[in-house]
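Enquirer: My questions concern the predicted model and sequence given below.
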There are 2 protein chains.
Amino acid sequence: MNAEIIAVGSELLTPFRQDTNSLYLTRRLDSLGVEVAFKTIVGDSREHIRDAVRTALFRCEVVILTGGLGPTEDDLTRDAVAAGLGVELYRDPDLIAKLYARFAARQIKMPSNNERQCDVVRGAAVLPNAGGTAPGQWIETRFEGQPRLIMLLPGPPWELEKMFEAECEPRLREKLPPAFIATRSLRVALVAESTCDARIAPIYGQYPGVRTTILAGGGDIEINLRACSESLETAQARVDELAGKLEDELGDCVYSNRGESLEQIVGYYLQMRNSTLATAESCTGGLLAERITSISGSSRYYLGGAVTYHNELKTLFAGVPPLMIQGHGAVSPEVATAMAESIRHDCNATLGVAITGIAGPTGGTPQKPVGLVYIALHDGVKTEVVERQFPGDRARIRQFAAHQALDMIRRRLM
Amino acid sequence: MNAEIIAVGSELLTPFRQDTNSLYLTRRLDSLGVEVAFKTIVGDSREHIRDAVRTALFRCEVVILTGGLGPTEDDLTRDAVAAGLGVELYRDPDLIAKLYARFAARQIKMPSNNERQCDVVRGAAVLPNAGGTAPGQWIETRFEGQPRLIMLLPGPPWELEKMFEAECEPRLREKLPPAFIATRSLRVALVAESTCDARIAPIYGQYPGVRTTILAGGGDIEINLRACSESLETAQARVDELAGKLEDELGDCVYSNRGESLEQIVGYYLQMRNSTLATAESCTGGLLAERITSISGSSRYYLGGAVTYHNELKTLFAGVPPLMIQGHGAVSPEVATAMAESIRHDCNATLGVAITGIAGPTGGTPQKPVGLVYIALHDGVKTEVVERQFPGDRARIRQFAAHQALDMIRRRLM
């Protein structure tokens, strides 16, 4: 069974806003075995929505519209779907009574334009909205002789998600043959996308039954595998077999085979080893600390650290002798090493990690160009320091540097 | 003139990846006076692409396809467009020669499937690709008797953007009446979206000639205004007049009327006042420092600071007496104040700012629930400390807290 998602709203045709509900819906439909074949984005125009609905009904068995169910003149989805199907729209008196009661319970007088939300496409089942006032609609019909399912869902994500799970999924399951879908997500740090793909394409190419999607950015690669089969065991076996072969090929560059983020994995390892961590950051300016502390429970292994942006703070908080900065420069393996050793010692941590570099766009020299970063990791016995020349703009260089630091911690704890 | 953007690629129909080229294209088309009326996302299927092209040609004057121009069997855009128009596809010998030369210059033997990239729709102008191997195509044709423009652009954003600006914009300008478009972007901190809209809707409602788009998230609101007119002066006067009225209504909650971020504005103010800043963060774990240092040149006013995640580090790096933490708790106005004063003093900064709170999801108590945050700002004379109860999950609470801290700095420097 295939589906089209139509996102309605003129704001989705501006440079500022994007339809994101379709990502959520695609994930849920995927897990039911319904394939999204088209997505359409259309503005608040009755004719445009109507034509988009008709086009979708020609080519897809399931048509889901999101948005345009509110009370204003711009909310035209109900109208346009009725027009597209050539059926009547009627105002449901029960819904009107409920809506008035809802407003009354909050001691607010209902503006009369809210009654528009009670317009129902003839033949539709009304879907209650647990998170807002606009009900959804579920329509089973035929179009040019073919059976079609149409859903009208509200635009706000929390309303849409609740309604889809409570109302649409159970109904959809009844219509579908049982689908058994297995997924796996491998994550890989600090390998170029093209290098990674060149290594794994010959492998996943042998598994046409597994859909392989590769996402890359900021030094991270996510390899998503998905298989659909007549039984869950078969589907799972297929993705697991491919995941295993990809892991064999990529070795310890794979930091997770269950989709966790690198900061999550580092957290697992630190807890497993009963270790603690302190950080001293210059060019990343807190990004490493921010990523580590984005994980709930990180206070169990992360102590804190310093953002030593100005050179004097490298001395104050990370014990770097001023003469060392004068002699080697703030961006040097010596300073990175001193920062890592000092922050570990002062914070009484198992591991100390430090980053110093030139994030740009200014501040580079021929000897020390933009993108040059030193990262040091000290464990109380020895210090590992790496030099990297990262590509890209300020934001990417900082991302790469923080990612590299996390990966060094992971490898040390492996 | 209206346009449809068709993004081609099966990966854009997964839950993992989204078409973003259309946001860029919409921005550029907006500035030329071309209105995007539809966006369609379609997978790597010859029939689906062909049908999407025909649907688009029925309803729009400009049709832009992105993606599907590479060398693999999955790259079907050229094929499908030719089929949709009912014209021939031919392999251009000049392009083949150039492509072989390109590979030869890099001393790489060209795989023969690359020749597919030299297929040209009969009647199309070939658009050179400065960033990659896949040329684009520009087609001027008629469909059902109506004039139509079709562009085939590569999927990778940097290739697409270069090609659009170098090849498509000049050609498009020739086809269009001159359009005069003015924009303004107001940014507002820490006002609820519904409150903001209730205050400004009666005002922008009086300007139907200005398109107003409101984006909100993480305590920030962006109000984008756009007007199109017969002269730039008229268009500019219209958005400026509305922007002025909105600023009058929202007062000093508006931190920028040119679209700058709050961290940029804080940077301007700090430089203007010749001031420096130091930070001490607990629950935000470096997010505030990260945002400040995301701005190039922030080393001129930001000294650095501490991430005092563990309580002992609040004492070590931010001078908080252990007895104070015992007596009042780490999340208290007293500790926030002590952190701000100490970090300012130790770093020798003009301003010291500190954040301590409960980001959750665990760690809350009835007295100190998740979302409770204290933020203190010290300027050497007095300390301002605010208590906030932020809604949402861990990530949102941290975002709100960092945003609130930046806004306090802005207001102090105003």
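Expert: Ah, there it is. Residues are numbered from 1 along each chain as shown, chains lettered A, B, ... in the order given.

Enquirer: For residue A:229, which non-adjacent residue is spatially closest?
Expert: In space, residue A:229 comes closest to residue A:235 once its chain neighbours are excluded; the distance is 3.8 Å by CB to CB, 6 or more residues apart in numbering or on different chains. To be clear about C-beta, it is placed using only N, CA and C from the backbone, and glycine gets the same treatment.

Enquirer: how about the helix or strand containing that neighbour as PDB, C-alpha atoms only?
Expert: Under the criterion of DSSP states H and E, residue A:235 resides in helix A:232-250. Backbone C-alpha positions of helix A:232-250 (Å, rounded to 0.1, in the frame of the first residue of the first chain) are rendered in PDB as follows:
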ATOM      1  CA  LEU A 232       9.700 -10.400  12.000                       C
ATOM      2  CA  GLU A 233      12.400 -13.100  12.400                       C
ATOM      3  CA  THR A 234      13.300 -13.000   8.700                       C
ATOM      4  CA  ALA A 235      13.300  -9.200   8.600                       C
ATOM      5  CA  GLN A 236      15.400  -9.000  11.700                       C
ATOM      6  CA  ALA A 237      17.800 -11.700  10.500                       C
ATOM      7  CA  ARG A 238      18.300  -9.800   7.200                       C
ATOM      8  CA  VAL A 239      19.100  -6.400   8.800                       C
ATOM      9  CA  ASP A 240      21.300  -8.100  11.400                       C
ATOM     10  CA  GLU A 241      23.300 -10.000   8.900                       C
ATOM     11  CA  LEU A 242      23.900  -6.800   6.800                       C
ATOM     12  CA  ALA A 243      24.700  -4.800  10.000                       C
ATOM     13  CA  GLY A 244      27.200  -7.400  11.000                       C
ATOM     14  CA  LYS A 245      29.000  -7.400   7.700                       C
ATOM     15  CA  LEU A 246      29.100  -3.600   7.700                       C
ATOM     16  CA  GLU A 247      30.500  -3.600  11.200                       C
ATOM     17  CA  ASP A 248      33.200  -6.100  10.100                       C
ATOM     18  CA  GLU A 249      34.200  -3.800   7.300                       C
ATOM     19  CA  LEU A 250      34.200  -0.500   9.300                       C
END
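
Enquirer: Buried residues of that helix, list them for me.
Expert: Taking 16 or more other CB atoms under 10 Å in any protein chain shown as the basis for neighbour counts, the residues of helix A:232-250 that come out buried are A:235-236, A:238-239, A:242-243, A:246-247, A:250.

Enquirer: nearest to chain B, of the residues you listed?
Expert: The shortest approach to chain B among the buried residues of helix A:232-250 belongs to residue A:239, at 14.7 Å (CB to the nearest CB).

Enquirer: show me what contacts residue A:77?
Expert: Neighbour list for residue A:77: A:8, A:49, A:65, A:67-69, A:152 [criterion: CB atoms under 8 Å, 6 or more residues apart in numbering or on different chains].

Enquirer: again, but for residue A:255
Expert: For residue A:255, counting by CB under 8 Å, 6+ apart, the contacting residues are A:187-189, A:262, A:265, A:407, A:410.

Enquirer: with the residues you listed in mind, which one is nearest to chain B?
Expert: Comparing the contacts of residue A:255 against chain B with CB to the nearest CB picks out residue A:187 as the nearest, at 12.4 Å.

Enquirer: how many neighbours does the closest one have?
Expert: Residues contacting residue A:187 under the criterion other CB atoms under 10 Å in any protein chain shown number 22.

Enquirer: Now the host helix or strand of it - C-alpha only, PDB.
Expert: Using DSSP H and E, the element containing residue A:187 is strand A:180-189. What follows is the C-alpha trace of strand A:180-189 in PDB, where atoms were taken according to Å, rounded to 0.1, in the frame of the first residue of the first chain:
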ATOM      1  CA  PHE A 180       7.000  -7.300   9.800                       C
ATOM      2  CA  ILE A 181       9.600  -4.600   9.600                       C
ATOM      3  CA  ALA A 182      13.000  -4.600  11.300                       C
ATOM      4  CA  THR A 183      15.500  -1.700  11.500                       C
ATOM      5  CA  ARG A 184      19.000  -1.100  12.600                       C
ATOM      6  CA  SER A 185      21.100   2.000  12.800                       C
ATOM      7  CA  LEU A 186      24.900   2.000  12.700                       C
ATOM      8  CA  ARG A 187      26.800   5.100  13.600                       C
ATOM      9  CA  VAL A 188      30.300   5.900  12.500                       C
ATOM     10  CA  ALA A 189      32.600   8.700  13.600                       C
END
